[in-house]
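1. attaching a predicted model along with its sequence, questions to come.
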There are 2 protein chains.
Amino acid sequence: MKKIEPNTRELKTREFEAVCRKNGLALTIQRRTILEALASRSDHPTVDQVYEDIKDYLKGVSRTTVYRVLETFVSIGIARKISNPESKARFDADTKRHHHLTCIKCGKVLDLHDPTLDNLVPDTEAVREFDILDYSITFNGLCSCCQETAHYRP
Amino acid sequence: MKKIEPNTRELKTREFEAVCRKNGLALTIQRRTILEALASRSDHPTVDQVYEDIKDYLKGVSRTTVYRVLETFVSIGIARKISNPESKARFDADTKRHHHLTCIKCGKVLDLHDPTLDNLVPDTEAVREFDILDYSITFNGLCSCCQETAHYRP
DNA sequence: GTTAATGCAAAGCATTTGCACACGT
DNA sequence: ACGTGTGCAAATGCTTTGCATTAAC
């Protein structure tokens, strides 16, 4: 497992400990290790990649724990889960460029056609080696149905 | 199953038939029905939702066929698959707003930090009832590794 | 000492695959 | 007729769950 930059690690670790205390979560070696593994790579690892990264270092750790710990991190706000919101594929007959409004509560996806959002060009060096073919914006929030029942905002 | 607007249906159907002929694909009743079901709703149905929509109308149709037909539609460009690119969740320790470069070939996801993309506000009525909490842009394309081996662009 | 977290094994879903039969060309 | 497409059932892969053990507070 690659070590993360001291600065980043310190920051993440301190934030992590504070958030754990606030939420009454135990500071286990598994959580510490998984956080370090996750923070040490910027390529959005899958559960299995994190597991592979830590399993030699933390003998006997279970894949289940990696699943659970990562979900815990998402729920306390120190990590994000990208793609795969409900582990089901969704299909769309509209192949023109358009964007999506995704309800974080019920999973519903609505189309958003807005020409002002259709000609974005990223302006950083990171994209230099990347051949961009298309893009899509996902706005996450609460649909009208779910706003009424939601009592907090993440 | 709700019927789609005549105009839209005619368009989609004609496009569909042309593309099928071009690709040597058979015009089966399953493909026709699934296309109609998909085009008749704008809420990005899952495979199961499409299956539920057609199963009474097309007795004996198999869920497997819905899976296969929808993937066929995506490969010939008359439908899109949203979310769940590789049916695996990916996690990220960076919780600041940022965007993603996703390689459509190998599934790799890279971060893109670009302040010029961080203050988009959609300007349509569709968002009026939607409570937007956050957003993220996914740029789809080919990473440097995959550009060399890709011989066509979808 | 209590309560929460972990590990294991089994279960649960979504999705894919192999193969025989049916259908579109 | 030929080759593709479909249906079925089984397999696969990712993820979740129940329960006993272990560790954190």
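-> Ah, there it is.
2. how far away is A:F16 from A:T33?
-> From A:F16 across to A:T33, the span is 12 Å (C-beta to C-beta, to the nearest Å). For the C-beta atoms, the positions are set from N, CA and C on the backbone; glycine is no exception.
3. whoops, I mixed them up, A:S40
-> From A:S40 over to A:T33 the distance is 11 Å, taken as C-beta to C-beta.
4. please apply the same query to A:V69.
-> In this view, A:V69 and A:T33 are 9 Å apart by C-beta to C-beta.
5. out of these two, which sits in the busier spot?
-> Neighbours were counted for A:V69 and for A:T33 using other C-beta atoms under 10 Å in any protein chain shown; A:V69 has more, 23 against 20.
6. how about that one: what's its closest non-neighbour residue?
-> Ranked by C-beta to C-beta, 6 or more residues apart in numbering or on different chains and with sequence neighbours excluded, the top spatial neighbour of A:V69 is A:I34, at 4.7 Å.
7. so which helix or strand takes in that neighbour?
-> helix A:29-39 (DSSP states H and E).
8. name the helices or strands packed onto that helix?
-> helix A:6-23, helix A:47-54, helix A:63-76 (3 or more C-beta pairs under 8 Å, 6 or more residues apart in numbering or on different chains; DSSP states H and E).
9. now those in a markdown table, with mean pLDDT?
-> What follows is these, written out as a markdown table (pLDDT from 0 to 100):
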| stretch | mean pLDDT |
| --- | --- |
| helix A:6-23 | 79 |
| helix A:47-54 | 96 |
| helix A:63-76 | 95 |
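10. among those helices, which comes closest to A:R90?
-> Distances from A:R90 to each of these were compared by C-beta to C-beta, and the smallest falls on helix A:63-76, at 20.5 Å.
11. mind listing what's buried in the strand ranked longest in chain A?
-> Ranked by residue count, the top strand of chain A under DSSP state E comes out as strand A:131-142. Taking 16 or more other C-beta atoms under 10 Å in any protein chain shown as the neighbour-count basis, strand A:131-142 is seen to contain the buried residues A:D131, A:Y135, A:S136, A:I137, A:T138, A:F139, A:N140, A:G141, A:L142.
12. any figure for the gap between the fifth one and DNA strand C?
-> As defined by C-beta to the nearest atom of the strand, to the nearest Å, A:T138 lies at a distance of 17 Å from DNA strand C.
13. verify the stated contact: that residue with B:T138.
-> Yes. Counting by C-beta atoms under 8 Å, A:T138 sits close enough to B:T138 to count as a contact (6.9 Å).
14. quick one, what contacts the closest residue in space to A:R31 that isn't next to it in sequence?
-> In space, not counting the residues next to it along the chain, A:R31 is nearest to A:V69; the distance is 5.4 Å by C-beta to C-beta, 6+ apart. If you count contacts by C-beta atoms under 8 Å, 6 or more residues apart in numbering or on different chains, A:V69 has them with A:Q30, A:R31, A:I34.
15. thinking again about what came up before, turn the helices and strands packed on helix A:29-39 into TSV, columns for distance to B:E52.
-> Putting those into TSV (distance: least, C-beta to C-beta, whole Å) gives the following:
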stretch	distance to B:E52
helix A:6-23	39
helix A:47-54	30
helix A:63-76	29
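16. comparing these, which comes out most buried?
-> helix A:47-54 (a mean of 19; mean count of other C-beta atoms under 10 Å in any protein chain shown).
17. right, is that helix up against DNA strand D?
-> Yes. Helix A:47-54 lies within reach of DNA strand D by C-beta under 7 Å from any atom of the strand, at A:V47, A:D48.
18. put the alpha carbons of that helix into PDB.
-> Taking only C-alpha atoms (Å, rounded to 0.1, in the frame of the first residue of the first chain), the coordinates of helix A:47-54 have been written out as PDB:
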ATOM      1  CA  VAL A  47     -14.100  -2.100  -3.100                       C
ATOM      2  CA  ASP A  48     -11.900  -4.800  -4.400                       C
ATOM      3  CA  GLN A  49      -9.000  -2.500  -5.200                       C
ATOM      4  CA  VAL A  50      -9.100  -1.100  -1.700                       C
ATOM      5  CA  TYR A  51      -9.200  -4.700  -0.300                       C
ATOM      6  CA  GLU A  52      -6.200  -5.700  -2.400                       C
ATOM      7  CA  ASP A  53      -4.300  -2.700  -1.200                       C
ATOM      8  CA  ILE A  54      -4.800  -3.500   2.400                       C
END
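19. and that helix, what does it pack against?
-> helix A:29-39, helix A:63-76.
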